[in-house]
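In: Provided below for reference: sequence and predicted model.
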Amino acid sequence: MGKLFGTDGARGVANEYPMTPEMVMQIGQAVACILKREGHRPRIVIGKDTRLSGYMIENSLVAGITSMGADVINIGPLPTPGIAFITTNLDADAGIVISASHNPFEDNGIKIFSKSGFKLADKQEADIEDLIFSKKLSEELSKSTEIGKAYRETDVLGRYIVFLKQAFPRGLSLEGMKIVVDCANGATYKVAPLLFKEMRADITALNIEPDGMNINLNCGTLHPEGLVEKVLESDADIGLAFDGDGDRLIIVDEKGNTITGDRIMAICTQDLKEEGVLKNNTIVTTVMSNMGLSIALEKMGVTQIRSKVGDRYVLEEMLKNDAVIGGEDSGHLLFLDHHTSGDGIISALQ
């Protein structure tokens, strides 16, 4: 024990430390306790991906949060960036994501967004850890008459789709475009097919039948082989692969070539530069980005700033240097003109 949060929240095998019901409940208590210090009754959004353990962790968080006199808005399965958006859209005080991203179903995790839609800073996560390990949470429990409530918000999918459509370049259309989407049996399984169908694309959707145990299983961004096969078989224009929580994107072109994050960033950076909207003529990548991207950016005359590995560090450098695009070769891309968080669907719409 001693540390809960890593580079992307708290994560581990479900029902093993730190992803036990007891510890998860304490995380919920600590988050609510800290938010109560702002002087009002907090509201906290909870969303998740499609893992079997999501129900257990969700209920543990609800118990912890409500025991401290804060209210919970449950929104069910939605991509991580969708939960970040809904947190701001519903004017909540924080958003909690239950997901282990691209990991197998046995794992799960907790990420926390502030009311502004950004992931918590290291200092804020450290405050939560300190409160938990101080063993003083029991002193902060609410009176029986002040326990929080939990309710479910049912229109989040529609809200998120409206938000996503605003990120699509005006003057362009997807009408008639043949698109294959691989939803990894994860959090995008409803929203991605519905969005592209509403945008009049000819959609074929793969891996949209989550059973709690098949998330990321031989599919999604880590295993695009099935997507390649379907794109070629159906003579599609493009294939889009998302990971389990929907914050990553890998593309398959019409010839079956796989295009990873670095190449996507090169394409999007050139487009932004040509449109005159590449703020400060700068892009943020990580120290692991390949040499080909660096050469391409140099030819474009674009400044490349390298961060430590991890989307939170990419975001830090983007905010520090006022950049609008950044990301990793894994397909975790950030377009800060459109969202506070990496969003696989927004990346695809760019």
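Out: On my side now, so go ahead. Numbers count the residues shown, from 1 in each chain.
In: residue ranges with poor pLDDT in the chain?
Out: When the per-residue scores of the chain are filtered using pLDDT under 70, the ranges that remain are 1-2.
In: check contacts around the spatially most central residue of the chain.
Out: In the chain, the C-alpha nearest the mean C-alpha coordinate belongs to Thr80, at 3.0 Å (Cα atoms, centre = their mean). If you count contacts by Cβ atoms under 8 Å, 6 or more residues apart in numbering, Thr80 has them with Gly47, Asp49, Val97, Ser99, Ser101, Lys111, Ala187, Asp245, Gly246, Asp247, Ser341. Placement of C-beta: from N, CA and C, glycine included.
In: Show me which of those residues is closest to Gly76.
Out: Of all these, the one with the least separation from Gly76 (Cβ to Cβ) is Gly47, at 6.7 Å.
In: Neighbours of the residue nearest to Ser234 when sequence neighbours are not counted, how many?
Out: What sits nearest to Ser234 in space, not counting adjacent residues and going by Cβ to Cβ, 6 or more residues apart in numbering, is Thr204, at 5.9 Å. Under the neighbour criterion other Cβ atoms under 10 Å, Thr204 is assigned a count of 18.
In: again, but for Gly331
Out: 27.
In: pretty sure the residue nearest to Ser234 contacts Val181?
Out: Yes - contact criterion Cβ atoms under 8 Å: Thr204 and Val181 qualify, at 7.4 Å.
In: Validate this expectation: the residue nearest to Ser234 resides in a helix.
Out: No - per DSSP: H, G, I helix; E, B strand; the rest coil, Thr204 lies outside any helix segment and is strand.
In: Which residue, other than its chain neighbours, is closest to Gln166?
Out: Once flanking residues are discounted, Gln166 sits nearest to His338: 7.7 Å by Cβ to Cβ, 6+ apart.
In: which SSE is that neighbour in?
Out: Taking DSSP states H and E as the definition, one finds His338 inside no helix or strand.
In: and it, what does it touch?
Out: Shown here is His338, whose contacts under the criterion Cβ under 8 Å, 6+ apart are Gln166, Ala167, Ile346, Gln350.
In: who does Val252 bridge with?
Out: For Val252, the beta-bridge partners are Gly239, Thr258 (DSSP bridges).
In: Now do the same contact list for Val314.
Out: The contact partners of Val314, taken as Cβ under 8 Å, 6+ apart, are Val284, Thr285, Thr286, Ser307, Gly326, Gly327, Glu328, His332, Leu334.
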